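1. 3D, please:
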Amino acid sequence: MSGRAEASTKSGFKLFPHPVLTVVLVIVWLLLVNSIHPRMIVLGLGFGIAIPLFTRRFWPDHPRICRVGVLVRFVPVFIWDVVIANLQVAWLIVNFRRELRPTWVVVPLDITDPYAITTLANVISLTPGTVSSELGPGRRTLLVHSMDVDDPQALVDRIKRRYEAPLKEIFEC
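-> Presented below is the predicted three-dimensional model:
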């Protein structure tokens with residue numbers, strides 16, 4: 001390793017301080033602009049590189065991905081759930097005569113990794129019709145609001161099975 005490369009590694013400067021975040025940011029950017037035009041890809045790469053570089057001092061640790069295969073299987077499940085939830089919310093909007101059954105549920109957490117908990121809260125909030133609201137004392141529970149629930153326990157079980165279990169495998173080695 002050259003002296004210059006060694007010095008940049010020792011000082012903590014890396015072009016990709018969070019490579020997974022870079023990839024996720026590029027993908028999210030392309031989804032937001034709904035285009036894979038080369039200019040949009042280059043702009044997305046710019047954001048994907050710049051944002052982690054400018055925010056790296058706020059990240060005390062790098063998230064550890066323990067099981068990449070589980071992550072690869074989790075992403076399509078999450079995207080599918082977002083699509084289905086969008087359709088369900090759209091149906092609730094056009095079917096305005098139906099009485100909504102909003103409810104709050106407390107999801108007991110088995111995960112302990114801060115990145116896993118944050119990802120779980122974000123996944124819930126990004127799925128239309130649900131929002132994570134509050135992390136309980138000791139990071140042991142998550143308060144979730146859903147706009148239409150017939151069985152609160154079924155919602156808790158679904159969150160734990162579809163989201164928490166895979167995230168535990170992904171982040172907790």
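
2. quick test: name the residue nearest the centre of this protein.
-> By C-alpha atoms, centre = their mean, the mean C-alpha position of the chain lies nearest to Thr119, the distance being 4.1 Å.

3. what sits against it?
-> 167, 171 (C-beta atoms under 8 Å, 6 or more residues apart in numbering). Any C-beta I mention is one placed from the backbone N, CA and C, and that applies to glycine too.

4. please identify the helix or strand for it.
-> Using DSSP states H and E, Thr119 falls within helix 114-126.

5. just the C-alpha atoms of that helix, please, in PDB.
-> Provided in PDB are the C-alpha atoms of helix 114-126 (Å, rounded to 0.1, in the frame of the first residue of the first chain):
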ATOM      1  CA  PRO A 114     -29.900  -0.100  16.900                       C
ATOM      2  CA  TYR A 115     -29.700  -0.400  13.100                       C
ATOM      3  CA  ALA A 116     -32.200  -3.200  13.100                       C
ATOM      4  CA  ILE A 117     -34.600  -1.300  15.300                       C
ATOM      5  CA  THR A 118     -34.300   1.800  13.100                       C
ATOM      6  CA  THR A 119     -34.800  -0.200  10.000                       C
ATOM      7  CA  LEU A 120     -37.800  -1.900  11.400                       C
ATOM      8  CA  ALA A 121     -39.400   1.500  12.400                       C
ATOM      9  CA  ASN A 122     -38.700   2.800   9.000                       C
ATOM     10  CA  VAL A 123     -40.100  -0.200   7.200                       C
ATOM     11  CA  ILE A 124     -43.300   0.100   9.200                       C
ATOM     12  CA  SER A 125     -43.500   3.800   8.500                       C
ATOM     13  CA  LEU A 126     -42.800   3.400   4.800                       C
END
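
6. how far does the lengthiest helix in the chain sit from its chain's centre?
-> Ranked by residue count under DSSP state H, the longest helix found in the chain is helix 68-94. Here helix 68-94 is found 12 Å from its chain centre; the criterion is C-alpha atoms, centre = their mean, to the nearest Å.

7. run the angle between that helix and helix 114-126 for me.
-> Angle of helix 68-94 versus helix 114-126, following axes from the mean of the first three to the mean of the last three C-alpha atoms, to 10 degrees, is 30 degrees.
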